[in-house]
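Asks: With the sequence up front, the predicted model follows.
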Amino acid sequence: MSFVVAKGLTRNYDLSEPLIVRALTMRPKRILTAVDNVNFSIEKGTTYALVGESGSGKSTIAKMAVGLLKPSAGTLIMDGKNLNDPALARNEQLALRRRIQMVFQSPYASLNPRWRVGDIIAEPIKAFGLIDGTKAQFMRVSELLEQVGLASSDANKYPHEFSGGQRQRISIARALSSQPEVIVCDEPTSALDVSVQAQVLNLLKALQKEYALTYLFITHDLAVVSTMANKIGVLNKGKLVEEQSPTGLFSRPQQDYTKMLLNSAPSINFG
Amino acid sequence: MSENLLQIKNISVTFKTRHGVLKAIDDLSLNVKKGEILGLVGESGAGKSMTGAAVLGLIDPPGRLSSGQIWYKGQRIDQAPETIRGHEISMIFQDPLVSLNPLRRIGDQLVETILTHMPITKAEAVDRARKGLEEVGIDPERINAYPHTFSGGMRQRVVIALALAPEPALIIADEPTTALDVSVQAQILDLLKQLCRERGTSIILVTHDMGVIAETTDRVGVLYAGRLAEIGETRDVLTNPKHPYTKGLVASTPRIDASSFDKTLYQISGSMPKLDAMPNGCAFHPRCEFALDKCRIDRPSIIADRAACWLLDGEETLL
Amino acid sequence: MMNRFLDSDFFHDFLRAPVALISFCVVLILVLSAVFAQFIAPTNPFDPASLELMNGFTPPLEANMFTGEIFLLGTDDQGRDLFSAILYGLRISLFVGLMAVTLAMVLGVMLGLIAGYVGGWLDNLIMRLADIQMTFPSILIAMLIFGIARGLLPPELRYEMAITVLIISIGLSEWVPFARTVRGSTMVEKEKEYVAAARLIGLNRWQIMIRHILPNVLGPVLVIATITFALAIIAEATLSFLGVGAPPTEPSLGTLIRVGQDYLFSGEWWILLFPAVTLLALALAVNLLGDWLRDTLNPRLK
């Protein structure tokens, strides 16, 4: 069995008016299915990219994967364990959650502006009780900062003292501090400039090699995942319409929607 | 095509702060020819939007145009930009809701714009408004709809109709498609391109997206830290970049390419200097792998009408 | 830390805002003279033994016709040195104001955080309560709470507890602006990704609210606290003026004004004037400081 498996993942949103209004106006319930029976599986140490436009449900899947949202139906299985099993005790659930962390889209909103960088990175270590002792925790934070290409002295600074790309590095260091096996990357470079985007993508790839990390990479930009996705799933209006390796997808797209996406992506290649 | 519509001559935009005077744009010159689409590309903070704002006199205090001149159709406009703003030059912003009043029907907004620029009757203006909507691919029957009833892409079409209504000679489009999905982006860019070609309207297209530059513009100016790094025909600049920064930008742009899997992307190390910590000489030298001693001391101006780089100077053409 | 503050834009702006500087100096002088009242004041106006009825109604800087004593700002009906009474009264006003604001702030911030973060029926309950309270003038609420508390207390405790009751009444009547502002900022902050990151590592609601959200919603709270401080001082003076606040044995500024008002038309103007001017200066300075803070801390107004 694959390391991460999404089984019939579904999420509905109830957009209905209040019951009393519906009763008076005789209007039916309005249910929006943001994610509709999505299945995929990711092998350990590989990257699965979910590509879609706004409203495709890609962010909803990311949130369900890390447990920020509950699926309306279906489940996510990691390492043979059902993450949405209602029978799990809170501490068991927490232990599972530790193994699947997230890197967020916004380099600005994802770091608490009032916290020092060192405290931000140390928080998961403390919350999960991974390392005891302030000194040892401090050493670990320094190590993580250096791993993502920052200086250990940066621990004393505040997020606003860093550029967008550096903040994304901090965000990656925070995700790593939980010692996760899976990282959900939710458009981690879409707010960055190209030259910095390449730095962050290369860093993510190097870390994946070093720790055999499994990535679920959410993006609207097919080009961004061309160097790192082992498999790409194309989402349209909550449904997974096509799934292929990048080589296959780029050279022999099967669905019209995929073809349209590929054709409309602005390309820097001439001729 | 060769006639210059707009000439920007050595402009600088400065901000006075208590830490000193910061130069957001530093001695920038460029021309916009009649009927061409000129792209301005660069990272956030490179000064590309500021350049558009300077042309329209839209720089807010404490910033100001501290030196240089802007000429439009042989007339100097940097002293009194109000006279041409709106009439001759239109602006399209990233967020359509900046240009659209959410409380008024799109038709009323179009008609009002037309009437302030043309001596025609209201009925004629309504007629023109309907034609304008049709041109941008919106059903003219929706003339009485409010902006919020349109999707993001449709709203940007309305904005284009509004920008074209006064029949401007120049449109400054600041990241007009950044907020849109790729499929919609392609349509909007095609539309803008086609309409301007038909009318001979020039466009300054400000964007951070190299792909958009490649597919839309005739010429491109690459900005770095408030300075012009390179300028030229888009195809030339992107296929044979002369400035190391442009080279880096092109090389680090990921491509949809079946063969790129598992390759490491080219990356420019470091990041753009902050305005209050500008290096001496060329602003790019701390990140440049080809930097010479000269680059650390003297700031290069545009050499051979192409790039601000000492490597292009005489003997040192190592590129 | 200190250097960082001295180098901040905040401090820089402060030095260049004459109104803020003057207001700050006025507040500082008043606070210091209240804190060190026992060293500055020539007499202790709360000590009945030191009062000499013969000294009553002495005009400022004039010798008393019976005792020949001279008082800087004159005396009141009881022969209290008005200058000392104002200093000690200022002390009560400032203390009541500060404690009342603290109470209102803690209560309002907590309720606002809960309403904003938890949402749902709890949010509805708290905010409707706030709406109801806002339909009444806060001074009325304070009087109501004061009345109920007095009624519940045994008579022998009424004088002793007067100040405490005063603080609670004013505090409970001023929590709404804090709660509303904090609720609004909390609803913005809780959607940010750093809160999602905190949820991912299993922090509970309280940890997220207190450790992550609270530090990010405190900016506007400081502004409201300053303005509410001025309101609380005036509320205290109003209640005391109406005779339901500080007891006459320990007069606050409001009590002094009430006494002075009785004698205004019989020619003893100073008993009213000096406490009133002090109150006005204090409230105005605090208010101007609050306005300046609001303008400076809100980047949208810049």
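Replies: Cool, got the structure.

Asks: from here on, contacts and neighbour counts on C-alpha atoms
Replies: Noted.

Asks: Which residue, other than its chain neighbours, is closest to C:Gly260?
Replies: Counting by Cα to Cα, 6 or more residues apart in numbering or on different chains, C:Gly260 lies nearest to C:Leu272, which is 4.0 Å off, once chain neighbours are set aside.

Asks: distance of the one you found from C:Tyr263?
Replies: When Cα to Cα, to the nearest Å is the yardstick, C:Leu272 and C:Tyr263 sit 8 Å from each other.

Asks: Could you check which of these two has the larger neighbour count?
Replies: Counted by other Cα atoms under 10 Å in any protein chain shown, C:Leu272 and C:Tyr263 do not tie: C:Leu272 has more neighbours, with 21 against 17.

Asks: give me the low-pLDDT residue ranges for chain B?
Replies: For chain B, the stretches with pLDDT under 70 are B:1-2, B:81, B:83-86, B:314-319.

Asks: The host helix or strand of B:Ile8 pairs with which strands, parallel or anti?
Replies: Using DSSP states H and E, B:Ile8 falls within strand B:4-17. Note on strand B:4-17: by DSSP bridges, its sheet partners are strand B:20-33 (antiparallel), strand B:63-72 (antiparallel).

Asks: Could I get the ones you listed in a markdown table, plus columns for mean neighbour count?
Replies: Rendered in a markdown table, the data for the strands paired with strand B:4-17 read as follows (neighbours: other Cα atoms under 10 Å in any protein chain shown):
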| stretch | mean neighbour count |
| --- | --- |
| strand B:20-33 | 19 |
| strand B:63-72 | 18 |
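
Asks: Is A:Asn156 in contact with A:Arg116, as I believe?
Replies: Yes - the pair formed by A:Asn156 and A:Arg116 meets the contact definition of Cα atoms under 8 Å, at 5.8 Å.

Asks: what kind of secondary structure is B:Pro254 in?
Replies: Here B:Pro254 is coil, with the state taken from DSSP: H, G, I helix; E, B strand; the rest coil.

Asks: so how far is B:Glu215 from it?
Replies: The gap separating B:Pro254 from B:Glu215 is 15 Å, by Cα to Cα.

Asks: more neighbours, those two?
Replies: In this comparison of B:Pro254 against B:Glu215, neighbours counted by other Cα under 10 Å, the higher total goes to B:Pro254 at 24 against 19.

Asks: what's near enough to touch that one?
Replies: Neighbouring residues of B:Pro254 by Cα atoms under 8 Å, 6 or more residues apart in numbering or on different chains: A:198, A:223-224, A:226-227, B:265.

Asks: wait, which of these is closest to B:Ser67?
Replies: Each of the contacts of B:Pro254 was checked against B:Ser67 using Cα to Cα; the closest is A:Ala198, at 36.2 Å.

Asks: Figure out how far the strand or helix carrying C:Trp292 is from the centre of its chain.
Replies: For C:Trp292, the host element (DSSP H and E) is helix C:270-297. With Cα atoms, centre = their mean, to the nearest Å as the basis, helix C:270-297 stands 11 Å off its chain's centre.

Asks: From C:Ala276, how far off is the residue nearest to C:Ala63 when sequence neighbours are not counted?
Replies: By the measure of Cα to Cα, 6+ apart, the closest residue to C:Ala63 outside its immediate chain neighbours is C:Ile70, 4.6 Å from it. Distance from C:Ile70 to C:Ala276, counting by Cα to Cα: 22 Å.

Asks: ok, back up a step: tell me how many other residues surround the residue nearest to C:Ala63.
Replies: Look at C:Ile70: counted by other Cα under 10 Å, it has 18 neighbours.

Asks: Can you classify A:Val184 by secondary structure?
Replies: Secondary structure, three-state DSSP: A:Val184 is strand.

Asks: dump the residue contacts of it.
Replies: By Cα under 8 Å, 6+ apart, the neighbours of A:Val184 are A:62, A:65-66, A:100-103, A:215-218.

Asks: residues making contact with stretch C:104-123?
Replies: With contact meaning Cα under 8 Å, 6+ apart, stretch C:104-123 is reached by C:124, C:126-127, C:171-187, C:190, C:209, C:214, C:221, C:225.

Asks: roughly how far is that stretch from the heart of the chain?
Replies: Taking Cα atoms, centre = their mean, the mean C-alpha location of stretch C:104-123 is offset from the chain mean by 23 Å.

Asks: try stretch C:18-31
Replies: Taking the mean C-alpha point of stretch C:18-31 and that of its whole chain, the gap between them comes to 16 Å (Cα atoms, centre = their mean).

Asks: Other residues contacting it?
Replies: By Cα under 8 Å, 6+ apart, the list of residues contacting stretch C:18-31 from outside reads C:14-15, C:90-91, C:94, C:281-282, C:285-286, C:288-289, C:292.

Asks: try 10 Å this time
Replies: With contact meaning Cα atoms under 10 Å, 6 or more residues apart in numbering or on different chains, stretch C:18-31 is reached by C:13-15, C:32-35, C:37, C:87, C:90-91, C:94-95, C:278-279, C:281-293.

Asks: The residue nearest to C:Gly260 and chain A, how far apart?
Replies: Between C:Leu272 and chain A the distance, using Cα to the nearest Cα, to the nearest Å, works out to 48 Å.

Asks: Distance to A:Glu43 and neighbour count for the contacts of B:Pro254 - can I get that in JSON lines?
Replies: As requested, the contacts of B:Pro254 are exported to JSON lines (distance: Cα to Cα, whole Å; neighbours: other Cα atoms under 10 Å in any protein chain shown):
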{"residue": "A:Ala198", "distance to A:Glu43": "24", "neighbour count": "26"}
{"residue": "A:Ala223", "distance to A:Glu43": "22", "neighbour count": "21"}
{"residue": "A:Val224", "distance to A:Glu43": "20", "neighbour count": "22"}
{"residue": "A:Ser226", "distance to A:Glu43": "18", "neighbour count": "26"}
{"residue": "A:Thr227", "distance to A:Glu43": "17", "neighbour count": "24"}
{"residue": "B:Leu265", "distance to A:Glu43": "23", "neighbour count": "21"}
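
Asks: Can you lay out those residues as CSV showing distance to chain C?
Replies: Supplementary listing: the contacts of B:Pro254 in CSV, determined by distance: Cα to the nearest Cα, whole Å:
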residue, distance to chain C
A:Ala198, 23
A:Ala223, 25
A:Val224, 22
A:Ser226, 26
A:Thr227, 27
B:Leu265, 28
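
Asks: Stretch B:287-296 close to chain A?
Replies: No - applying Cα under 10 Å from any Cα of the partner chain, one finds stretch B:287-296 out of contact with chain A, separated by at least 11.1 Å.

Asks: how about the closest residue to A:Val35 other than its chain neighbours, what does it touch?
Replies: Nearest-residue entry for A:Val35: A:Gly238, 4.1 Å, with adjacent residues in sequence omitted and distances by Cα to Cα, 6+ apart. Taking Cα under 10 Å, 6+ apart as the definition of contact, the neighbours of A:Gly238 are A:10-11, A:32-38, A:52, A:55-58, A:60-61.

Asks: Report the two of those residues separated the most.
Replies: Between all members of the contacts of A:Gly238, the longest pairwise span (Cα to Cα) is found for A:Leu32 and A:Gly52 and amounts to 17.4 Å.

Asks: Those two: which is more packed in?
Replies: Per other Cα under 10 Å, whichever of A:Leu32 and A:Gly52 has more neighbours is A:Gly52, with 27 against 14.

Asks: wait, isn't that one in contact with A:Glu242?
Replies: No - look at A:Gly52 against A:Glu242 with Cα atoms under 10 Å: they stay out of range, at 11.0 Å.

Asks: Would you mind grabbing the residues shared as contacts by the two?
Replies: For the pair A:Gly52 and A:Glu242, residues contacting each of them under the criterion Cα under 10 Å, 6+ apart are A:233-236, A:258.

Asks: could you dump those residues to a markdown table with secondary structure?
Replies: Formatted as a markdown table, the shared contacts of A:Gly52 and A:Glu242 follow (three-state DSSP):
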| residue | secondary structure |
| --- | --- |
| A:Gly233 | strand |
| A:Val234 | strand |
| A:Leu235 | strand |
| A:Asn236 | strand |
| A:Thr258 | helix |
